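**Q** fold the following and give me the result.
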Amino acid sequence: MGWAEWGPRDGLPVLFCPGAGTSRHLGFGAGAVARLGVRLISLDRPGLGASGPLPGRTFADFAEDVRAFTAARGLGRPAMVGNSQGAPFALACAERGVVAALAVVSGADEVAEPRFADVLPRELRRLVDTAVADPPAAERIFAGLTPGALREMIVSNSPECDLAVYRDPAFDAAWRRALEEGFAQGPGGYARDTALAMGRWSAHGLDPSRITVPVDLWYGEEDTGHSPDRGAG
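**A** Numbers count the residues shown, from 1 in each chain. Sure thing, here's the model as predicted:
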């Protein structure tokens, strides 16, 4: 498993599950972690960045990988932050007690949940239906995306407040680097992530109703791309 760290080695460990297709190097708050006494550790999921691939993996597999990582690094049960497509993987870690608390920030929701059937755009609905009915076929579709195409898709569906960040030269350079690293082994890691996230989570080792650790949900008022109801359900 590949990872990157910011902050003091003796700081409070906080794991980070980054968004779609990005590597461990797109962290957050690098200028604040030292002042706050936080040791931020960003993880590459299998097949992304420097983490080896694991064909057919599930959310539960990732949680067990993180359990082994925290044990090997002597981190105990750290806190965790899950962003965007990293959210369901972080929720799996919370469900299995690998982490002691979780913050979901602009987290991808379970769009295959039936209550969203009538509110998703037609093309997204089609992809979700494929991910539910035939995950391998969905992976083949998602494997056709390149880092540049993924970036353009995200930017083209973002509100102006987000575009102000995406267009910042420093962030843009870091994001492009993280995407290129995320796809360095090919699109397989991203494709598997997306097939899992767009399918029924319970079919892939995740049942959020079983989570007993504290979980905070954070969504912006203009964020309609990650959760149709901004996490209300």
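**Q** ok, and the closest non-adjacent residue to residue 47?
**A** Nearest residue to residue 47 in three dimensions, chain neighbours excluded: residue 189, at 2.6 Å (CB to CB, 6 or more residues apart in numbering). Just so you know, the C-beta spots here come from the backbone N, C-alpha and C atoms, and that holds for glycine as well.
**Q** swap in residue 145?
**A** Nearest in space to residue 145, with sequence neighbours left out and distances taken as CB to CB, 6+ apart, is residue 187 at 6.2 Å.
**Q** residue contacts, the one you found?
**A** Contacts for residue 187 (CB atoms under 8 Å, 6 or more residues apart in numbering) come out as 142, 143, 144, 145, 146.
**Q** now tabulate these in TSV and tack on secondary structure, pLDDT and neighbour count.
**A** Below are the contacts of residue 187 laid out as TSV (DSSP: H, G, I helix; E, B strand; the rest coil; pLDDT from 0 to 100; neighbours: other CB atoms under 10 Å):
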residue	secondary structure	pLDDT	neighbour count
142	helix	97	24
143	coil	97	16
144	coil	97	9
145	coil	96	19
146	coil	97	14
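**Q** helix or strand: which one has residue 90?
**A** If you go by DSSP states H and E, residue 90 is part of helix 87-95.
**Q** for residue 148, see how far away the residue lying closest to residue 127 once chain neighbours are set aside is.
**A** Once flanking residues are discounted, residue 127 sits nearest to residue 198: 6.2 Å by CB to CB, 6+ apart. As judged by CB to CB, to the nearest Å, residue 198 and residue 148 stand 21 Å apart.
**Q** compare those two and say which is more crowded by neighbours.
**A** Shown here are residue 198 and residue 148; by other CB atoms under 10 Å, residue 198 has more neighbours (24 against 12).
**Q** state the distance from that one to residue 138.
**A** Between residue 198 and residue 138 the computed distance is 7 Å (CB to CB).
**Q** angles on the backbone of residue 214, please.
**A** Phi and psi for residue 214, reported as degrees, to the nearest 10, are phi -60, psi 140.
**Q** contact partners for the closest residue to it other than its chain neighbours?
**A** Sequence neighbours aside, residue 101 is the residue nearest to residue 214 in space, at 4.7 Å (criterion: CB to CB, 6+ apart). Residue 101 is in contact with 79, 80, 94, 213, 214, 215, counting by CB under 8 Å, 6+ apart.
**Q** neighbour-wise, which of those leads?
**A** residue 80 (29 neighbours).
**Q** so the strand or helix carrying that one versus helix 87-95, what angle?
**A** When secondary structure is defined by DSSP H and E, residue 80 falls within strand 79-84. Counting by axes from the mean of the first three to the mean of the last three CA atoms, to 10 degrees, strand 79-84 lies at 160 degrees to helix 87-95.
**Q** from residue 101, how far out is the residue nearest to residue 135 when sequence neighbours are not counted?
**A** Here the nearest residue to residue 135 in space, its sequence neighbours aside, is residue 195; by CB to CB, 6+ apart that works out to 4.8 Å. Noted for residue 195: a distance of 28 Å to residue 101, by CB to CB.
**Q** identify each buried residue in the helix or strand harbouring residue 65, please.
**A** Using DSSP H and E, residue 65 sits within helix 59-73. Neighbour counts over helix 59-73 (16 or more other CB atoms under 10 Å) mark 59, 60, 61, 62, 63, 64, 65, 66, 67, 69, 70 as buried.
**Q** same check, this time on stretch 195-212
**A** In stretch 195-212, counting by 16+ other CB under 10 Å, buried: 195, 196, 197, 198, 199, 200, 201, 204, 205, 206, 211.
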